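>>> Got a sequence here, can you build the structure:
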Amino acid sequence: MGDMSEPNNAGETCLPTTTWFLYSEAEDAPLGSIYRKSPPEAGARIEERPGIPAAEVVSFTELRAT
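Predicted coordinates for the structure are as follows:
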């Protein structure tokens with residue numbers, strides 16, 4: 001289980017490479033998006049931030065251009 005509350009390492013200069021689009025299954029509504037360096041993992045925690053409540057990743061689907 002990953003902890004996604006840690007900010008990116010300040011000593012690194014690489015930009016985030018993935019955008020996570022967050023969706024609430026309980027409310028059946030989108031919650032917004034966040035940037036990370038890697039794809040989400042089931043069990044990862046997302047800390048509360050403005051407009052996005054604290055959450056746990058249950059599952060993810062990779063979006064690809066068609």
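
>>> Span of stretch 17-37 from start to end?
Chord length of stretch 17-37, first to last residue, is 5 Å (C-alpha to C-alpha, to the nearest Å).

>>> And the spatially most central residue of the chain, how far from Pro40?
For the chain, Trp20 is the residue whose C-alpha lies nearest the centre (C-alpha atoms, centre = their mean; 4.5 Å). Trp20 sits 6 Å away from Pro40 when distances are taken as C-beta to C-beta, to the nearest Å. (Glycine included, C-beta is placed from N, CA and C.)

>>> shared neighbours of the two, which are they?
By C-beta atoms under 8 Å, 6 or more residues apart in numbering, Trp20 and Pro40 have these common neighbours: Phe60.

>>> Return, as residue ranges, the portions of the chain with sub-threshold pLDDT.
1-16 (pLDDT under 70).

>>> mind listing the strands for this structure?
Along the chain, the segments classed as strands by DSSP state E run 18-24, 29-36, 45-46, 55-56.

>>> could you dump these to a markdown table with distance to Glu62?
Converted to a markdown table, the strands of the chain look like this (distance: least, C-beta to C-beta, whole Å):
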| stretch | distance to Glu62 |
| --- | --- |
| strand 18-24 | 9 |
| strand 29-36 | 13 |
| strand 45-46 | 18 |
| strand 55-56 | 19 |
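
>>> Quick one: closest of those to Leu63.
Nearest of the strands of the chain to Leu63, taken as C-beta to C-beta: strand 18-24 at 7.5 Å.
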